[in-house]
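Q: coordinates only, sequence not included:
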């Protein structure tokens with residue numbers, strides 16, 4: 001089924017062809033400075049005027065559809081942030097139950113831990129030693145300032161000082177392509193679509209795809225149970241010795257294979273989650289209960305995560321290389337501390353999480369028409385995490401915004417004589433008009449959507465001697481990870497922004513929380529189109545089918 005992704009519902013007002021209000025403001029400031037210099041008694045006035053005119057012109061030049069003065073504002077904003085963070089208590093400290101130590105010693109221990117975690121070998125080169133020393137001497141802010149969740153209570157994530165709560169629903173994989181069109185429409189429009197239309201407009205609902213290993217311990221226990229059953233059958237005389245021996249050998253082959261999958265040869269695949277937020281926990285419980293019922297009616301197998309599972313889930317949102325069985329050795333009051341990343345270093349073009357290079361993107365352009373599961377292919381790229389943040393828009397405000405945008409686009413169409421530009425505007429007009437018709441019929445609602453993509457680049461990490469090297473990793477070794485991800489999304493009709501000097505916003509947007517730092521730049525997308533984005537992207541695994 002074909003679904004609509006309209007053009008931007010908030011079109012910048014152009015006073016002249018390609019000239020916005022922001023451009024006019026910058027040009028006005030430049031003109032005022034020129035006049036001030038001309039009427040002043042400054043020496044070399046002509047030289048200063050030429051310099052001011054050149055600077056103003058450079059600021060107004062557009063690179064990749066964005067004026068240079070906007071890029072400079074992003075650069076200044078980037079350097080105004082604290083960009084290095086570490087959590088006060090390391091995972092090892094929590095495992096060793098050493099959290100009673102003094103806060104200052106505990107905070108410093110995270111830096112001493114690097115020599116334990118990094119794959120140090122004899123003869124380690126001087127560059128790596130220098131990287132270790134530099135990282136140990138770095139001043140870092142407390143991770144609590146960057147990652148806002150503070151506790152887990154009654155299967156809810158607590159953010160801040162109980163400012164709001166989050167609940168996570170895991171959606172099990174299914175071969176959605178085998179559904180008939182009627183079953184697909186019912187699952188999408190009456191399932192996730194209705195959930196999205198009912199969420200609180202104060203917070204951004206999260207749809208999360210992240211990679212984590214499949215747990216085979218349950219299957220392993222079943223094989224051990226079969227061994228016990230064979231032993232009982234032999235003791236009761238139901239099986240002779242030769243037959244018992246043959247069956248036991250088969251069981252041990254299966255057990256050894258499962259033990260391998262549980263340890264050295266873990267199978268990493270994508271898992272899908274829906275995260276809902278509310279400021280009132282009772283209201284959240286009602287919303288989650290309704291969501292579980294609607295998804296079940298849509299023939300989806302879902303379950304809500306409990307406190308321990310929430311901690312593991314949040315841990316996987318920033319890391320892959322850890323043993324999730326560690327949670328059994330963590331005190332419940334320490335779950336939130338354990339779930340946070342050890343270190344985060346925000347650079348101009350990347351973010352280093354636990355000393356692993358990550359490339360962070362935001363989708364800024366979409367295809368106009370998509371089918372069901374339109375995020376299926378791009379969500380399955382190995383080594384990536386995708387977070388879709390959707391915040392409801394007031395229907396009347398959305399209609400007024402679309403009306404203004406339609407008027408502006410018609411003016412731009414009349415003002416340009418370039419055929420390619422006219423065709424682009426005509427397509428934009430057509431999608432907004434169709435969206436307006438859908439909203440006025442009360443059969444749809446509009447949500448402000450941002451899609452954040454995080455690519456974990458273990459190859460770039462290993463090739464950079466200035467980074468403290470993490471231990472052995474389950475992450476895929478993909479050459480040119482950044483280019484590979486951009487190309488894959490581009491081939492599917494999307495365009496990704498590199499978020500240069502906006503990596504802080506990209507990191508916050510890619511976290512599981514109810515806040516979208518780029519909400520004002522989001523794309524207005526109908527609820528059913530968002531609901532259809534992942535419904536067919538889930539591929540069932542034979543070992544998960546039991």
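A: Received, thanks. Keep in mind that what you see is a predicted model, and the values were worked out from it rather than measured.
Q: Please point out which parts of the helix or strand where residue 256 lies sit buried.
A: Residue 256 belongs to helix 241-262 when elements are defined using DSSP states H and E. For helix 241-262, burial by neighbour count (16 or more other Cβ atoms under 10 Å) applies to 244, 247-248, 254-255, 258, 261-262. (Each C-beta comes from the backbone N, C-alpha and C, glycine too.)
Q: who touches that helix?
A: 214-217, 219-220, 223-224, 226-227, 230, 233-234, 239, 267, 543 (Cβ atoms under 8 Å, 6 or more residues apart in numbering).
Q: How far off centre is it?
A: Relative to the mean C-alpha coordinate of its chain, helix 241-262 is positioned 41 Å out (Cα atoms, centre = their mean, to the nearest Å).
Q: Give me the next element, helix or strand, following it.
A: strand 268-278.
Q: average pLDDT for that next one?
A: For strand 268-278, the mean per-residue pLDDT is 94.
Q: Direction included, what does that strand pair against?
A: strand 164-171 (antiparallel), strand 205-213 (antiparallel) (DSSP bridges).
Q: closest one to residue 518 among the ones you listed?
A: Residue 518 sits nearest to strand 205-213 of all the strands paired with strand 268-278, at 13.8 Å, using Cβ to Cβ.
Q: For that closest one, buried residues please.
A: Under 16+ other Cβ under 10 Å, the buried positions of strand 205-213 are 205-213.
Q: re earlier: indicate which one of the strands paired with strand 268-278 is closest to residue 299.
A: The closest of the strands paired with strand 268-278 to residue 299 is strand 164-171. By Cβ to Cβ, the value is 11.5 Å.
Q: Save the buried residues of strand 205-213 as CSV, and put in pLDDT too.
A: Below are the buried residues of strand 205-213 laid out as CSV (pLDDT from 0 to 100):
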residue, pLDDT
205, 94
206, 96
207, 95
208, 95
209, 94
210, 94
211, 94
212, 93
213, 93
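Q: which stretches of the stretch 351-500 of the chain form helices?
A: Secondary structure of the stretch 351-500 of the chain (DSSP state H, counting those that start in this stretch): helices at 376-379, 395-415, 419-440, 458-462, 481-491.
Q: Serialize these to TSV and add fields for mean neighbour count and distance to residue 142.
A: Listed next are the helices of the stretch 351-500 of the chain as TSV, based on neighbours: other Cβ atoms under 10 Å; distance: least, Cβ to Cβ, whole Å:
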stretch	mean neighbour count	distance to residue 142
helix 376-379	19	33
helix 395-415	15	38
helix 419-440	15	44
helix 458-462	19	24
helix 481-491	17	30
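Q: With distance to residue 169 and mean pLDDT as extra columns, can I get those in JSON lines?
A: Output for the helices of the stretch 351-500 of the chain, formatted as JSON lines (distance: least, Cβ to Cβ, whole Å; pLDDT from 0 to 100):
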{"stretch": "helix 376-379", "distance to residue 169": "17", "mean pLDDT": "86"}
{"stretch": "helix 395-415", "distance to residue 169": "26", "mean pLDDT": "87"}
{"stretch": "helix 419-440", "distance to residue 169": "27", "mean pLDDT": "88"}
{"stretch": "helix 458-462", "distance to residue 169": "30", "mean pLDDT": "94"}
{"stretch": "helix 481-491", "distance to residue 169": "26", "mean pLDDT": "95"}
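Q: which one of the buried residues of helix 241-262 is nearest residue 163?
A: The shortest approach to residue 163 among the buried residues of helix 241-262 belongs to residue 262, at 38.8 Å (Cβ to Cβ).
Q: gap between the closest one and residue 351?
A: According to Cβ to Cβ, to the nearest Å, residue 262 and residue 351 sit 31 Å apart.
Q: Figure out how far stretch 313-332 is from the centre of its chain.
A: Distance, centroid of stretch 313-332 to centroid of chain: 18 Å (Cα atoms, centre = their mean).
Q: how long is that stretch end to end?
A: Start to finish, the residues bounding stretch 313-332 are 15 Å apart (Cα to Cα, to the nearest Å).
Q: Could you list the buried residues of it?
A: 313-320, 322, 324, 326-327, 330.
Q: I'd like the residues you listed laid out as CSV, including distance to residue 522, secondary structure and pLDDT.
A: Listed next are the buried residues of stretch 313-332 as CSV, based on distance: Cβ to Cβ, whole Å; DSSP: H, G, I helix; E, B strand; the rest coil; pLDDT from 0 to 100:
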residue, distance to residue 522, secondary structure, pLDDT
313, 24, helix, 97
314, 24, helix, 97
315, 28, helix, 96
316, 25, helix, 96
317, 21, coil, 96
318, 23, coil, 95
319, 27, coil, 93
320, 28, coil, 93
322, 32, coil, 92
324, 33, helix, 91
326, 36, helix, 91
327, 34, helix, 92
330, 36, coil, 92
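Q: Of all pairs in those residues, which one is the farthest apart?
A: 320 and 330 (18.4 Å).
Q: Which stretches in the stretch 1-150 of the chain count as strands?
A: Taking DSSP state E, counting those that start in this stretch as the test, the strands found in the stretch 1-150 of the chain are 3-4, 14-16, 19-20, 62-63, 66-67, 84-86, 141-142, 149-153.
Q: ok, residue 91 - contacts?
A: Going by Cβ under 8 Å, 6+ apart, residue 91 touches 322, 326, 338, 342.
Q: give me every residue that touches the first one.
A: The reference is to residue 322. 91, 315.
Q: and it, how far is that from residue 355?
A: Taking Cβ to Cβ, one finds residue 322 at 13 Å from residue 355.
Q: again, but for the third one
A: Noted for residue 338: a distance of 18 Å to residue 355, by Cβ to Cβ.
Q: mind showing which ranges of the stretch 151-300 of the chain have poor pLDDT?
A: 175-177 (pLDDT under 70).
Q: pretty sure residue 191 contacts residue 292?
A: No - contact criterion Cβ atoms under 8 Å: residue 191 and residue 292 do not qualify, at 10.7 Å.
Q: Neighbour count: the two, which is higher?
A: More neighbours surround residue 191 than the other of residue 191 and residue 292, with 23 against 18 (other Cβ atoms under 10 Å).
Q: Tell me if the more buried one really is in a helix.
A: Yes - per DSSP: H, G, I helix; E, B strand; the rest coil, residue 191 lies within a helix segment.
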